[in-house]
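Asker: Fold the stuff below for me.
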Amino acid sequence: MTLCLLYRMTSYKKSLEEFSHDVYEAFQAIGVTSDMVRRRRHDHLLEETVFTTGHKLWGHPVSAFIVGSQVEGSTTIGMDSDTDQVLRFDNYQVVLKLGAWQTDKINLLAFKDETASPQFYKLCRLQETPDGRQEYMRDPVHETDVVDEQGRVLVCNTVFDNKIKRVYEGWGKDKVVKHGPSRSYSDLFDIVRALSCHDLPEECESLFTRSRPGHWPKSETLEYARQCPVFFIPQGHPHSPFNKCKLQWRLSTSLTERKLMFDFTEEQMMVFVLLKMLKKEYCKPKFDDNFSTFHIKTAMMFCIESHPPEIWSIDNIVECATYCITILIQWAQNNVCPHFTMGGVNLFDGKLSEPDIRKLETFLINLNKNITEYICKLKMDSFGVKILQKVHDKESIIKHQTEILDHITWRVRNTQCGIFQLIHSQLSKMDVSKAVCCVSDHLTYLRGLQSQGSDLQREAANLLLPFLYGIYASIVASCITTQQPVTHDIIDLYQPSFKCDLMSGKLKYASMLYCRGQYDQAADMLNHCKGLLGPDVDPFCRCEGRHYYYQPDTFLRKALNTSFVELWKTSSTSCVMFCKHELPCVPEHLQNEMYRTQTQTDKTKRNELHEWMDLVVIECEPFLYYLQYLVYRQKGNLPRRLLAMFNLMDYNHHGLGKLLCDKAYGHMDTTLHMLAHCWELEDRPDVTRQLYQRSINIYPTNNIARVHLIRLLRKYFL
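Answerer: Below you'll find the model as predicted:
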């Protein structure tokens, strides 16, 4: 109330247009700008493309789509929005009529559930007879399948639940987090599994056939939207009896809606975000999520469609918000909230009871009458305060923008490094000849995307290709005996890997040179890598239990004016990984890291997310110093050898300090083992033993330090 009174005292005579300007400036201050919205959209679309591309390499029948506020750019830091993701199972295909058969897919026929809302269907299994006809399947496939009165096998919307539960249990997650149709492992994510429909259901035709003024959606947007797949998601009508609800699948046009959101102007996006902030702060306590963001999004779309484009301006943001609220009031009065992309659907159905709709109507009328007061009292993102401040300092604005980029860049890097881990882990399960063929096939696939894919697919390929070149070169080099020289062909294979990130590919190359006894070339490459380190360089580790997520401010400030791909190549390092087929290119002492799981207790402390423990994994900077120590020891260069060792000690000291502050983790155990090895080579068993013991204190299980201690005991004390 204090803020509102202050506003009245200082700005009472301001017009709604002037107030809208203040709102606009406040949005600029918290990062709701056209540039930041574009960055959110591009990087999240890149994230989904990297995920899908990486899984396609292994034939995993899944495509990822990020939908909702994060990819739309319709969120703020204070809104604390989760990330909505649709995972489509590409080995399934839903058809709307017999005969629309899809070869090499599990075919399901969708038919309406007449007892529920028009957007709910049932799905039955189809099969092909030996003579090529399509017919209903009569025998259940899964234990959740149900045979109806006509003998058709119906697919329950719980069909994926047991598999999801087993996957998350394999990841060491205690429970599955459920939000509607979402089945996730964290409240930070809503993950919906979906099936794609081959044809456009008649409910979705209304978007393209109903009359409208014509200025929005634009014709090219509608043409694109018609090509967007429609999903069937596993969710029944909330008011259906359980035995019927579990057989219902809901139509979803989330990709069409995403495309429509991408067509919002900056001012329209600000109106939408403003309405979301008001909804979250004032409506959520009253109606929980039954009055949802989707209701507001729908009102925005109808408002943009029905109102002339010239009204959406900086000096009319608040007025436009009242237009949208007026539409919601009218819907509440009629007890009907129409769906923008589907005909015959009431979005209040199953969400709000008649008394709740009346309460909502009363609240919205009051909100519309006193909207400036409600806006001034917004605590989210200190929005009300920012409106009153009027002048926003540049540092505060940059801080907000870097906080946004902190989240975005982490998501893309996490997805990318997850694909790196997947590739290494899968290759380690193959014999060497199959691994070489597999990587070669991956390279061919990615080069195809690089030349013929979409812009995002080319970007994804550019991120994954250098990494795969590094693996391929390292495996090929490992197949050559130590007596044979490293050929120019192998060196040429390594060259593309130098663009993997700032230095992980280069360090793989330097490690191979060291193991081949080419110390001068190794020293040159390591010196080059040392010169690349700087305050804007950020290491990244996504290994389960060793997460390193502490992006420095200098890195994030650089991200403000640098694309993700360029940022990755110039200012980011990922862990250096080696699978078992690359061991001849790894210093002998480090090869032991691949065998950290020794006892039954070690095994019980692992889950499927710990597959990296069967690899050699180390962060770039300590690996650089360790390789320098080994190389200069072989070259007999005492000053440089000791300098490298002191650099490794300094890194270890600062790393342990961050560990104690809970700011970073990383592979501190492996770093301690490399430092211990340096002291062992300096013939200091006392210091060596202390470092191994410190490693065990940090990570008591799945730690090769115990084996090193036994070896040390035998070497020096027995």
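Asker: Quick one, grab the pLDDT at the most centrally placed residue in the chain.
Answerer: The residue lying closest to the centre of the chain (C-alpha atoms, centre = their mean) is Arg411, at 4.3 Å. As predicted, Arg411 sits at a pLDDT of 92.
Asker: Grab the nearest non-local neighbour of it.
Answerer: Nearest non-adjacent residue to Arg411, counting by C-beta to C-beta, 6 or more residues apart in numbering: Glu47, 5.4 Å away. Heads up, the C-betas are built off the backbone N, CA and C, glycines and all.
Asker: Ser382 now?
Answerer: Distances taken as C-beta to C-beta, 6+ apart place Gly78 nearest to Ser382, at 7.7 Å, with adjacent residues excluded.
Asker: burial count for that neighbour?
Answerer: Gly78 has 17 neighbouring residues, counting by other C-beta atoms under 10 Å.
Asker: Would you agree it is in contact with Val385?
Answerer: No. Using C-beta atoms under 8 Å, Gly78 makes no contact with Val385, being 11.7 Å away.
Asker: quick revisit: so which helix or strand takes in the residue nearest to Arg411?
Answerer: Glu47 is part of helix 34-57 when elements are defined by DSSP states H and E.
Asker: Touching, Arg516 and Val486? I think so.
Answerer: Yes. Using C-beta under 8 Å, Arg516 is in contact with Val486, at 5.5 Å.
Asker: list residues touching both of the two?
Answerer: Taking C-beta atoms under 8 Å, 6 or more residues apart in numbering as the criterion, Arg516 and Val486 both touch Ala477.
Asker: what helix or strand does the closest residue to Asn316 other than its chain neighbours sit in?
Answerer: Of all residues not flanking Asn316 in the chain, Ser20 sits nearest, at 6.0 Å (C-beta to C-beta, 6+ apart). Element membership for Ser20, per DSSP H and E: helix 16-29.
Asker: pLDDT (mean, whole number) over that helix?
Answerer: 94.
Asker: Can you give me the buried ones in that helix?
Answerer: Using 16 or more other C-beta atoms under 10 Å as the test for burial, helix 16-29 gives 19-29.
Asker: What residues does the residue nearest to Arg411 make contact with?
Answerer: Shown in contact with Glu47 (C-beta under 8 Å, 6+ apart): 66, 411-412, 415.
Asker: pLDDT value on it, please?
Answerer: pLDDT, Glu47: 97.
Asker: Tell me the buried residues in the longest helix seen in the chain?
Answerer: Counting residues, the longest helix found in the chain (DSSP state H) is helix 394-428. Of the residues in helix 394-428, 400-402, 404-409, 411-413, 415-425, 427-428 count as buried by neighbour count, 16+ other C-beta under 10 Å.
Asker: what angle separates that helix from helix 34-57?
Answerer: In terms of direction (axes from the mean of the first three to the mean of the last three C-alpha atoms, to 10 degrees), helix 394-428 departs from helix 34-57 by 0 degrees.
Asker: Okay, helices next: where are they in the stretch 151-300 of the chain?
Answerer: Using DSSP state H, counting those that start in this stretch, the helices found in the stretch 151-300 of the chain span residues 161-170, 206-209, 219-227, 242-245, 254-261, 266-278, 284-287, 293-306.
Asker: what packs against the host helix or strand of Thr554?
Answerer: Using DSSP H and E, Thr554 falls within helix 553-559. Counting contacts by 3 or more C-beta pairs under 8 Å, 6 or more residues apart in numbering; DSSP states H and E, helix 553-559 packs against helix 394-428, helix 564-571.
Asker: and those as TSV, adding distance to Leu109?
Answerer: What follows is those, written out as TSV (distance: least, C-beta to C-beta, whole Å):
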stretch	distance to Leu109
helix 394-428	34
helix 564-571	42
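Asker: Just tell me which of those helices ends up closest to Lys377.
Answerer: Closest to Lys377 of the helices and strands packed on helix 553-559, according to C-beta to C-beta: helix 394-428, at 20.5 Å.
Asker: after that closest one, next one along is what?
Answerer: Later in the chain than helix 394-428, the nearest helix or strand by DSSP H and E is helix 432-452.
Asker: any idea of the angle that next one forms with helix 394-428?
Answerer: Counting by the same axes, to 10 degrees, helix 432-452 lies at 140 degrees to helix 394-428.
Asker: now could you export just the CA positions of helix 432-452 as PDB?
Answerer: Taking C-alpha atoms only, helix 432-452 is exported to PDB below (Å, rounded to 0.1, in the frame of the first residue of the first chain):
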ATOM      1  CA  VAL A 432      36.900 -50.900 -31.000                       C
ATOM      2  CA  SER A 433      36.000 -51.800 -34.700                       C
ATOM      3  CA  LYS A 434      32.300 -51.200 -34.100                       C
ATOM      4  CA  ALA A 435      33.100 -48.000 -32.200                       C
ATOM      5  CA  VAL A 436      35.100 -46.600 -35.200                       C
ATOM      6  CA  CYS A 437      32.300 -47.500 -37.600                       C
ATOM      7  CA  CYS A 438      29.700 -45.900 -35.200                       C
ATOM      8  CA  VAL A 439      31.600 -42.600 -34.900                       C
ATOM      9  CA  SER A 440      32.200 -42.600 -38.700                       C
ATOM     10  CA  ASP A 441      28.400 -43.000 -39.200                       C
ATOM     11  CA  HIS A 442      27.700 -40.200 -36.700                       C
ATOM     12  CA  LEU A 443      30.100 -37.900 -38.600                       C
ATOM     13  CA  THR A 444      28.400 -38.600 -41.900                       C
ATOM     14  CA  TYR A 445      25.000 -37.900 -40.400                       C
ATOM     15  CA  LEU A 446      26.100 -34.600 -38.900                       C
ATOM     16  CA  ARG A 447      27.900 -33.500 -42.000                       C
ATOM     17  CA  GLY A 448      24.600 -34.100 -43.800                       C
ATOM     18  CA  LEU A 449      22.800 -31.800 -41.400                       C
ATOM     19  CA  GLN A 450      25.600 -29.300 -41.700                       C
ATOM     20  CA  SER A 451      25.100 -29.000 -45.400                       C
ATOM     21  CA  GLN A 452      21.300 -29.600 -45.800                       C
END
